[in-house]
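Undergrad: Sequence and computational prediction follow.
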Amino acid sequence: MSDSDESFNNDDVEEVLRDIEGEAGDIVKNLLEICSYQNNCIQYWLLLHLVMPGNRLNSQSRETVIHLMAYFQKEKENGGPLEPVNSVQDRVAIALNISKRTVCSIKREKIENPVLSSPGKKRPRIKTKTTDMPETLKMKIRNCLYNMYKDKKQVTVSTLNHNLKSNEIVNISNTSLKIVLNDLGFKFKKDDNHRVLMEKLHIAWTVRGSVLTGLLNFNRREGQDVAVVIE
């Protein structure tokens, strides 16, 4: 321990304990009483790492306290350490009821990064084949839908998906196809009490605008006049 650690005396312990309230305080006080036969280093570690003045222990910290309490009780009954004093990592693992690998991992992390952090629970989401679909494939789906309208076929998610599979364009579920259609700018709209798959207005105008602009530019380069009829 450092010089500052050695100056941590019983008066300091009592001062910190006065700031600990409720059940958390009782747990820590009992634990300190059990391990008091050891030395002041244990008391200092417990107060420094398990509890901060004014804060209550969470469930994980309470479990840690229970494991430590049981371990120190066994050492008290044994009249000394249960494991060789030099086997630090083994003693820590047994006392905290965790694996030695976890102890080594935390120790290594502490060496590499002095500021320890809890492992992240979030995992990077893998893009599905619907959201990561190539634009060329999306265009084929759009064209297949247009051709069905052109042939005056009933267009639903099921009929469109059947067409896509028959033409070997893509093999996805109806749910995934709905996501793709929404991404392409299509939605269902009621017409004469029938649900009809229609292109969203702003998407439709954007597509038509792009097509018309391309035609105008092409014909101007060719020196031809263009007449546009708005239906």
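TA: In hand now; what should we look at?
Undergrad: which stretches of this protein aren't confidently modelled?
TA: Scanning the chain for pLDDT under 70 picks out the ranges 1-58, 114-131, 188-231.
Undergrad: Could you chop it up by domain?
TA: 3-82, 135-199, 201-231 (automatic domain parsing).
Undergrad: The closest residue to residue 81 other than its chain neighbours: how many residues sit nearby?
TA: Leaving aside its chain neighbours, residue 81 sits nearest to residue 75 (6.0 Å; criterion: Cβ to Cβ, 6 or more residues apart in numbering). All C-beta spots, glycine's among them, are computed from the backbone N, C-alpha and C. Per other Cβ atoms under 10 Å, the neighbour tally for residue 75 reads 19.
Undergrad: elements contacting the helix or strand residue 109 falls within?
TA: Take DSSP states H and E as the rule and residue 109 turns out to sit in helix 100-112. Judged by 3 or more Cβ pairs under 8 Å, 6 or more residues apart in numbering; DSSP states H and E, helix 100-112 is in contact with helix 88-96.
Undergrad: Check which residues of the helix it packs on are buried.
TA: 91, 92, 93, 94, 95 (16 or more other Cβ atoms under 10 Å).
Undergrad: okay, it in CSV with CA atoms only?
TA: The C-alpha trace of helix 88-96 is given here as CSV (Å, rounded to 0.1, in the frame of the first residue of the first chain):
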residue,chain,number,x,y,z
VAL,A,88,-3.3,-13.6,-5.3
GLN,A,89,-5.4,-14.2,-8.4
ASP,A,90,-6.6,-17.6,-7.1
ARG,A,91,-7.6,-16.0,-3.7
VAL,A,92,-9.5,-13.1,-5.5
ALA,A,93,-11.3,-15.6,-7.7
ILE,A,94,-12.4,-17.8,-4.8
ALA,A,95,-13.4,-14.8,-2.6
LEU,A,96,-15.5,-13.1,-5.2
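Undergrad: Could you list every helix and strand in contact with that helix?
TA: helix 59-78, helix 100-112.
Undergrad: before we move on, back to that, could you single out the nearest of the buried residues of helix 88-96 to residue 137?
TA: residue 93 (52.9 Å; Cβ to Cβ).
Undergrad: Verify the stated contact: the closest one with residue 100.
TA: Yes: counting by Cβ atoms under 8 Å, residue 100 is a contact partner of residue 93 at 4.4 Å.
Undergrad: what's in contact with the host helix or strand of residue 159?
TA: Per DSSP H and E, residue 159 falls inside helix 157-166. By Cβ atoms under 8 Å, 6 or more residues apart in numbering, the surrounding residues in contact with helix 157-166 are 141, 144-145, 148, 153, 170-174, 177-178, 181, 197.
Undergrad: again, only using 6 Å
TA: Helix 157-166 is contacted from outside by 144, 145, 170, 171, 174, 177, 178, using Cβ atoms under 6 Å, 6 or more residues apart in numbering.
Undergrad: List the residues that contact the third one.
TA: Right, residue 170. Neighbour list for residue 170: residue 164 [criterion: Cβ under 6 Å, 6+ apart].
Undergrad: Good, wrapping up.
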